[in-house]
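*Asks:* Sequence and predicted structure below; questions after.
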Amino acid sequence: MGTFLDLRNAGSRVIRSEATQGALRVLAPGASLDELDEEEEGGIVKKTLKFLWKFGGFLANKIGIPAALKSLTGLVGWLSNAASFIWNFNWNVSEEQIEIETQYLLLQLAGQAGGLAGQALGWLFCGALPGMTIITFNQALGLKILKDVGEEAFDEIGSTFQILFNSAAAGFSRIAFLKLYASTRRLYYKFKGKTAPDFSKKKPWSFATAWEERLDDMDNRHKAEALEEGREEFAEACTEAFYVVAHSVESFVMEQALAEQAQPGNQERTIEIDFNRGATA
């Protein structure tokens, strides 16, 4: 009995197709190395540059979109973080403190950006360039080195870039909020015709501290403990419930898409390989 293989869905073929978009050649067994340059003008240098260009496009396409824009579960996580930020934000923050925090966030991003640049240059000079050099006297080995280096570089640089992208999105969002809040507060006092107080001398105030102070002022400690535990459990349960709802919606959409693909008109071609009698399509 033959074995059915769906070659178009093979993991290696899908990954190679996405990452290189056809830029890599597949050599048949026994093929001559001279055949590498027969089909395309420009030789191996052009092919190598084409591969690096398309691989860079694939990298940017795959990791250049924040998770919150890709899925409902990512959006739930973003909303959960935003709610936590607002709950704990010090609404009496002074403009001097805003400036200090802004510079600190920018300093962090600069360090992460420098780390990403150093990592990319390391893979380029110590991985890609040796591979391109080896191509000049051993094309097959050079292509293998570029392929292996590309895969490892994608994993390492991709992870670092994703961390930097998320940090930049969160950092600039926080900076924008702080600046907008400070400007709105100044306009409020100007509209009221009042002089803004010196917030650096005011006691920090947030929803979290106000809640804690109210609980501390309660004479009935049993009631205060019950309210505190109730609030914490409500927040955790509510977040988990939203995650379940989002995951259910995503699963339902995926199941519907798979069901449509499984309809008779959407059947994909397969190849049956009989190891005793040969191969038939």
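*Replies:* Received, thanks.

*Asks:* ok, how many other residues are close to the residue lying closest to Y189 once chain neighbours are set aside?
*Replies:* Among residues not flanking Y189 along the chain, A196 sits closest, at 4.2 Å (CB to CB, 6 or more residues apart in numbering). (Each C-beta comes from the backbone N, C-alpha and C, glycine too.) The burial metric for A196, expressed as a neighbour count using other CB atoms under 10 Å, is 12.

*Asks:* and if you look at the one 10 residues further on?
*Replies:* If you count neighbours by other CB under 10 Å, S206 ends up with 16.

*Asks:* That one contacts N90, doesn't it?
*Replies:* Yes: the pair S206 and N90 passes the contact test of CB atoms under 8 Å, sitting 5.3 Å apart.

*Asks:* still on that earlier bit, just to be sure, the residue nearest to Y189 is in a helix?
*Replies:* No: assignment of A196 by DSSP: H, G, I helix; E, B strand; the rest coil gives coil, placing it outside any helix.

*Asks:* can you tell me how far it sits from A182?
*Replies:* Per CB to CB, to the nearest Å, A196 is found 10 Å from A182.

*Asks:* What of T73?
*Replies:* The separation that T73 has from A182, given CB to CB, amounts to 33 Å.

*Asks:* so where do the strands sit in the stretch 1-150 of the chain?
*Replies:* Secondary structure of the stretch 1-150 of the chain by DSSP state E, counting those that start in this stretch: the strands cover 3-5.

*Asks:* low-scoring stretches of it, by residue?
*Replies:* Along the stretch 1-150 of the chain, the model assigns pLDDT under 70 to residues 1-70.

*Asks:* thinking again about what came up before, for the residue nearest to Y189, grab phi and psi.
*Replies:* A196 has phi and psi values of phi -60, psi 140 when expressed as degrees, to the nearest 10.

*Asks:* Identify the residues contacting it.
*Replies:* R185, R186, Y189 (CB atoms under 8 Å, 6 or more residues apart in numbering).

*Asks:* What helices and strands are in contact with the helix or strand G230 falls within?
*Replies:* With secondary structure defined by DSSP states H and E, G230 is part of helix 221-261. The elements that helix 221-261 packs onto, with contact taken as 3 or more CB pairs under 8 Å, 6 or more residues apart in numbering; DSSP states H and E, are helix 72-88, helix 207-216.

*Asks:* average pLDDT across that helix?
*Replies:* Mean pLDDT, helix 221-261: 89.

*Asks:* same deal with stretch 203-210?
*Replies:* Averaging pLDDT residue by residue across stretch 203-210 gives 92.
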